[in-house]
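sequence unknown, structure follows:
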């Protein structure tokens with residue numbers, strides 16, 4: 001994990017992403033739960049990379065979900081297949097259905113996340129995502 005310069009013992013969850021910004025400003029009031037089923041608050045909401053940066057993931061919308069900082073930190077760079085709760089992931093995505101904002105399309109986001117999950121070996125239509 002890359003540490004911020006001058007702060008070697010702190011972890012940064014300050015990635016900028018339009019969805020996180022809109023949520024924190026109250027523009028997405030229907031989004032109440034993070035990717036792991038965790039309740040989101042202004043203080044705990046952070047950006048989680050489905051494929052961690054340390055494993056080649058990018059800070060792009062197709063690889064980003066909202067989660068609590070505690071769950072983000074607890075997962076670290078563990079393979080997502082080891083920690084995912086399929087029902088929580090489905091509920092997370094369902095919250096975005098039909099959302100249309102100037103810079104965000106919820107239905108397109110859902111499609112992108114499902115495609116990323118498939119590439120990571122996770123099929124939301126199955127009960128057990130590990131083959």
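Now that the structure is in, tell me what you want to look at. In this text the structure is predicted, and so the values were computed from the model without any measurement. Numbering: from 1, shown residues only.

Okay, helices next: where are they in this structure?
In the chain, helices defined by DSSP state H lie at 18-24, 69-75, 80-83, 86-94, 106-119, listed in chain order.

Nearest to residue 45, out of those?
Residue 45 lies closest to helix 18-24 among the helices of the chain, at 6.4 Å (Cβ to Cβ). Quick note: C-beta positions are derived from backbone N, CA and C, even for glycine.

Could you dump the helices of the chain into a markdown table with distance to residue 47 added?
Formatted as a markdown table, the helices of the chain follow (distance: least, Cβ to Cβ, whole Å):
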| stretch | distance to residue 47 |
| --- | --- |
| helix 18-24 | 5 |
| helix 69-75 | 8 |
| helix 80-83 | 15 |
| helix 86-94 | 13 |
| helix 106-119 | 13 |
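
what would those helices look like in TSV with distance to residue 32 and mean pLDDT?
Rendered in TSV, the data for the helices of the chain read as follows (distance: least, Cβ to Cβ, whole Å; pLDDT from 0 to 100):
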stretch	distance to residue 32	mean pLDDT
helix 18-24	10	92
helix 69-75	15	95
helix 80-83	21	96
helix 86-94	10	97
helix 106-119	14	97
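
would you list these in CSV and tack on distance to residue 63 and mean neighbour count?
Formatted as CSV, those follow (distance: least, Cβ to Cβ, whole Å; neighbours: other Cβ atoms under 10 Å):
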stretch, distance to residue 63, mean neighbour count
helix 18-24, 12, 17
helix 69-75, 13, 16
helix 80-83, 11, 14
helix 86-94, 14, 16
helix 106-119, 6, 16
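
Which one of these lies nearest to residue 36?
Taking those one by one with Cβ to Cβ, helix 69-75 is closest: 4.6 Å.

pLDDT at residue 17, what is it?
Listed pLDDT for residue 17 reads 86.

contacting residues around the most centrally placed residue in the chain?
For the chain, residue 65 is the residue whose C-alpha lies nearest the centre (Cα atoms, centre = their mean; 1.6 Å). Residue 65 makes contacts with 34, 35, 47, 48, 50, 92, 113, as judged by Cβ atoms under 8 Å, 6 or more residues apart in numbering.
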